[in-house]
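K.L.:
below is the structure, and that's it, no one-letter string:
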């Protein structure tokens, strides 16, 4: 395992937190971005954070708190590396390090490492359910067919979730999903957060329009993120084709890269307005506010989202939002207020855009409401919610270990009245713990 960390003096009252993930930089996706933001937010609040992630050949971390695990390449497009567990250096590091709480962000090998470490060291384990892996089984080729893969993925997903002491989901959509799957552990909804100040304004207004040679009067429709099959980007190209004559000053811009980029470019080349479709490729995160603030409307056609950071960034930049109907956008998209949630029908999607785009007053009003909706998605709010959950998990873990020591092993042999009183000890301890937890009402 590679490590650039150095011993630091830990502030009084801080926590030692281990974050475990199978996806991290240089991968660019919602999970990796979220983890970077969470890590920085926790460190700002005085906590020591260590991130465990697979090694990416040729990539060197700028962050001193990232521990890279030896890995093997699993997929080529997109490139995915799977950590190899049980190596001497990784075992030594995890044995040597002291943690107060572990937080797994994926169900694969690094997530399993979090569970094994928590079990061995008797630590509380939080598990965040970022992704419904049944929506991504098309990346796996298997002789048994997709049906078998989906069933196996569903079983594995539930089994992984049940390994945690508590489960975090970024949206009510996934809370409902896990309840339907009869997940055993307590489920907390903690929405993703971003640095809102970063998206309040552009550092270089007009930079995108200058790059593309577009006038201030051009209407820019924008998507940002991975260009992969589940994003349905060809659907957006088809919708743009249908409105290109009705809104002649409209331009469609894709910011991002991925396995579908070639097919989307090929699709774009088949329409008569192909010269008004632009592909930026990967955009440096520092330049993203400039791109967003030059756009007029943000688009999505995906129905596999959880609580997309790209959408939070878009509405924080004051963009109206038009999407295919999906529960993931609950709280970020209010139909008719800051955009529209449209059925998965390309003609209806196109008609919605054609009606909205010429109406500058409505675009401005929708954009202002988007900014208002974004205010509840700050990284500070997310980090404080996680911090509270960590404290609850630590105290619950302490309570359980204390009870193991003070309760007789053969409690059924104790007279009923005394046994009942002893059984009430956990509840009494819980009430005392709740009195000191942040945000708890004191009785």
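P.N.:
On my side now, so go ahead. For clarity, every value in this text was computed on a predicted model and none was experimentally measured.
K.L.:
what sits against residue 343?
P.N.:
The contact partners of residue 343, by C-beta atoms under 8 Å, 6 or more residues apart in numbering, come to 324, 325. From N, CA and C alone the C-beta is placed, and that goes for glycine too.
K.L.:
next one: it from residue 323, what distance?
P.N.:
11 Å (C-beta to C-beta, to the nearest Å).
K.L.:
also residue 26?
P.N.:
For residue 26 relative to residue 323 (C-beta to C-beta), the value is 28 Å.
K.L.:
now do residue 262
P.N.:
24 Å.
K.L.:
and the two? which has more neighbours close in?
P.N.:
residue 323 (24 against 11; other C-beta atoms under 10 Å).
K.L.:
give me phi/psi at the more buried one?
P.N.:
Main-chain torsions, residue 323, degrees, to the nearest 10: phi -140, psi 160.
K.L.:
ok, the nearest residue to it once chain neighbours are set aside - contacts?
P.N.:
Take residue 323 and drop its neighbours on the chain: the residue closest to it by C-beta to C-beta, 6 or more residues apart in numbering is residue 300, 4.1 Å away. Residues counted as contacts of residue 300 (C-beta under 8 Å, 6+ apart) are 223, 231, 308, 311, 321, 322, 323, 324, 329.
K.L.:
burial of the third one, as a residue count?
P.N.:
To tie it back to what came earlier, the one meant is residue 308. Residue 308: 23 neighbours (other C-beta under 10 Å).
K.L.:
that one contacts residue 31, correct?
P.N.:
No. Counting by C-beta atoms under 8 Å, residue 31 is not a contact partner of residue 308; they are 11.0 Å apart.
K.L.:
PyMOL command for the buried members of the contacts of residue 300?
P.N.:
Of these, the buried ones can be selected in PyMOL as follows, counting by 16 or more other C-beta atoms under 10 Å:
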select buried, resi 223+231+308+311+321+322+323+324+329
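K.L.:
ok, back up a step: pLDDT wise, what is the residue nearest to residue 323 at?
P.N.:
pLDDT recorded at residue 300 is 99.
K.L.:
that one and residue 203, how far apart?
P.N.:
25 Å.
K.L.:
the contacts of residue 300 in strands, which ones?
P.N.:
Using DSSP state E, the members of those that fall in strands are 223, 321, 322, 323, 324.
K.L.:
ok, those vs residue 237, which is closest?
P.N.:
residue 223 (10.2 Å; C-beta to C-beta).
K.L.:
so the closest one bridges to which residues?
P.N.:
residue 254 (DSSP bridges).
K.L.:
contacting residues for it?
P.N.:
So residue 223 contacts 231, 233, 236, 253, 254, 255, 256, 298, 299, 300 (C-beta under 8 Å, 6+ apart).
K.L.:
relative to residue 174, which of those residues is nearest.
P.N.:
residue 300 (17.2 Å).
K.L.:
so where's the stretch 251-400 of the chain shaky on pLDDT?
P.N.:
The stretch 251-400 of the chain contains no residues with pLDDT under 70.
K.L.:
can you list the residue ranges for helices in it?
P.N.:
261-268, 288-294, 309-316, 346-356, 360-374, 379-406 (DSSP state H, counting those that start in this stretch).
K.L.:
what residues sit buried inside the first one?
P.N.:
This means helix 261-268. Buried residues in helix 261-268 (16+ other C-beta under 10 Å): 261, 264, 265, 267, 268.
K.L.:
before we move on, what about the last one?
P.N.:
Taking 16+ other C-beta under 10 Å as the basis for neighbour counts, the residues of helix 379-406 that come out buried are 379, 381-393, 395-397, 399.
K.L.:
how many neighbours does the residue lying closest to residue 353 once chain neighbours are set aside have?
P.N.:
Among residues not flanking residue 353 along the chain, residue 243 sits closest, at 5.3 Å (C-beta to C-beta, 6+ apart). Counted with other C-beta under 10 Å, residues neighbouring residue 243 total 21.
K.L.:
list the contacts of residue 243.
P.N.:
Residue 243 neighbours (C-beta under 8 Å, 6+ apart): 250, 350, 353, 354, 357.
K.L.:
repeat that for residue 379.
P.N.:
37, 38, 40, 41, 193, 194, 195, 196.
K.L.:
show me where the stretch 151-300 of the chain has its strands.
P.N.:
Using DSSP state E, counting those that start in this stretch, the strands of the stretch 151-300 of the chain run over residues 166-169, 187-189, 219-224, 250-255, 277-281, 297-300.
K.L.:
so which of these comes closest to residue 55?
P.N.:
Per C-beta to C-beta, nearest to residue 55 of the strands of the stretch 151-300 of the chain: strand 277-281, 25.1 Å.
K.L.:
how far does the closest one sit from the chain's center?
P.N.:
How far strand 277-281 lies from its chain's middle: 25 Å, per C-alpha atoms, centre = their mean, to the nearest Å.
K.L.:
same thing with stretch 350-361?
P.N.:
For stretch 350-361 - counting by C-alpha atoms, centre = their mean - the centre lies 30 Å from the chain centre.
K.L.:
and that stretch, which residues are buried?
P.N.:
For stretch 350-361, by 16+ other C-beta under 10 Å, it's 350, 351, 352, 353, 354, 356, 357.
K.L.:
in CSV, list those along with distance to residue 216.
P.N.:
Output for these, formatted as CSV (distance: C-beta to C-beta, whole Å):
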residue, distance to residue 216
350, 25
351, 26
352, 24
353, 20
354, 21
356, 19
357, 15
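K.L.:
residue 118 versus the closest residue to residue 393 other than its chain neighbours, what's the distance?
P.N.:
Nearest residue to residue 393, sequence neighbours excluded (C-beta to C-beta, 6+ apart): residue 124, at 3.8 Å. Distance of residue 124 to residue 118, computed by C-beta to C-beta: 7 Å.
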